[in-house]
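K.L.:
missing the sequence, but the structure's below:
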């Protein structure tokens, strides 16, 4: 018996997250989720089948098509009965025009390819994954889920830079990213704490990529990321907010061209650059070097600074939500972010925080603090299920 399934693909610069979902029911049901990491190097695949977890080294993942081939082989081996009706893709950049998931057509693919200069480390890999999936599943609906879409209704003042307006018209504006994560967290907050969802919430997506988003009534009204995924918070290897005068200095005094500057800002900065050790928060917390401690100090400082700024955007604060690999697991980082925040109405419950509880604020804290594990794959799967059903109905 074949099962109607959706495959989700979330391609990064050196990894592909994936999931297989049964979409025959009212809501997608996960059959398998996983990750191929370190593509082009010592690639490794991790997969979860419910409670079962597996990991293996890969020899055939020298590039993204090779990694996708390994994923497809796993799907066909473990789920031979699966009928892939839809493939949902995380596409980092949707530009100013796309505020909802969309069916990928040749016209849309050409439009998205023009946005590659806006997200050079992500968009090309996203679209390469789409092309490979189209070849592997020519009869499946291919669905794009845009990381920028969640932020498309920002007030104008949160979208614009103080440059001549001609650049805004050409697309040089603040887009915001991590939208699939924020979409999921907003939905979960509506489910478990609707009174908070209706109010003023800051979500901190903290991981190797990190950003924060101000939500008013569940909708994005401000984000720390802007034109690119370099802006805002320091990240694993990305710099975060930077005086543009630094770029002029690098070009004029250090003789660096665009390629060298891109490599510096995307791959050699952030926690890695500051610590000289690692982009992994776990390694930094385990280190006794002063540089590792300083990298953590700066990371926490910038989060606290943006917390105050986004609270001002919202006109106050009702809840702070942590998600992402660091946000969900690094209890000491959460504690340091929240300590001394009584002035904004936030008091942490140290025992609840140490236990990674859902609610980590003290009982009498006016501002609630929560930890909500994010799930971008289920957001993609829901969109794939919805749009593929619409495509079938239109065909009938």
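P.N.:
Done, it's in. Because the structure is predicted, anything quoted here is derived from the model rather than measured.
K.L.:
Could you tell me the model confidence score at residue 69?
P.N.:
According to the prediction, residue 69 has pLDDT 89.
K.L.:
Not counting its neighbours along the chain, what's nearest it?
P.N.:
Excluding the flanking residues, the one nearest residue 69 by Cβ to Cβ, 6 or more residues apart in numbering is residue 60, at 6.4 Å. (Glycine included, C-beta is placed from N, CA and C.)
K.L.:
residues in contact with the one you found?
P.N.:
When contacts are counted by Cβ atoms under 8 Å, 6 or more residues apart in numbering, residue 60 touches 66, 69-70.
K.L.:
In helices, which of these appear?
P.N.:
66, 69-70 (DSSP state H).
K.L.:
Please identify the helix or strand for residue 204.
P.N.:
Residue 204 belongs to strand 200-206 when elements are defined using DSSP states H and E.
K.L.:
Could you tell me the model confidence score at residue 35?
P.N.:
pLDDT, residue 35: 93.
K.L.:
Show me how far the helix or strand containing it is from its chain's centre.
P.N.:
According to DSSP H and E, residue 35 maps onto strand 29-37. Computed by Cα atoms, centre = their mean, to the nearest Å, the chain-centroid distance of strand 29-37 equals 16 Å.
K.L.:
which helices and strands does that strand pack with?
P.N.:
strand 16-22, strand 44-49, helix 64-78, helix 376-395 (3 or more Cβ pairs under 8 Å, 6 or more residues apart in numbering; DSSP states H and E).
K.L.:
if we go to 6 Å?
P.N.:
Using 3 or more Cβ pairs under 6 Å, 6 or more residues apart in numbering; DSSP states H and E, the elements in contact with strand 29-37 are strand 16-22, strand 44-49.
K.L.:
now the angle from that strand to strand 16-22?
P.N.:
170 degrees (axes from the mean of the first three to the mean of the last three Cα atoms, to 10 degrees).
K.L.:
Adjacent strands (with direction) for strand 29-37?
P.N.:
strand 16-22 (antiparallel), strand 44-49 (antiparallel) (DSSP bridges).
K.L.:
List the buried residues in that strand.
P.N.:
Under the neighbour-count criterion of 16 or more other Cβ atoms under 10 Å, strand 29-37 has 30-37 buried.
K.L.:
just curious, which of these is nearest to residue 376?
P.N.:
Using Cβ to Cβ, residue 33 comes nearest to residue 376 of the buried residues of strand 29-37, at 10.5 Å.
K.L.:
What's opposite the closest one in the beta bridge?
P.N.:
residue 19, residue 48.
K.L.:
Next one: it from residue 254, what distance?
P.N.:
Using Cβ to Cβ, to the nearest Å, residue 33 is found at 43 Å from residue 254.
K.L.:
hang on, the earlier thing: please work out which of the helices and strands packed on strand 29-37 is packed deepest.
P.N.:
Comparing those by mean neighbour count (mean count of other Cβ atoms under 10 Å), strand 16-22 ranks first with a mean of 24.
K.L.:
Now do that one against helix 64-78, angle only.
P.N.:
Going by the same axes, to 10 degrees, strand 16-22 makes 30 degrees with helix 64-78.
K.L.:
what's the offset of strand 16-22 from the middle of its chain?
P.N.:
On Cα atoms, centre = their mean, the centre of strand 16-22 falls 16 Å from that of its chain.
K.L.:
And for stretch 174-181?
P.N.:
7 Å.
K.L.:
Run through who's touching it.
P.N.:
Contacts to stretch 174-181, defined as Cβ atoms under 6 Å, 6 or more residues apart in numbering, come from residues 147-151, 159, 205, 211, 223, 225-226, 229, 374, 376, 379.
K.L.:
Tally up the residues packed near residue 254, please.
P.N.:
For residue 254, the neighbour count with other Cβ atoms under 10 Å is 10.
K.L.:
Run through the residues that contact it.
P.N.:
Contacts of residue 254 (Cβ under 6 Å, 6+ apart): none.
K.L.:
State the distance from it to residue 266.
P.N.:
Using Cβ to Cβ, we find residue 254 at a distance of 17 Å from residue 266.
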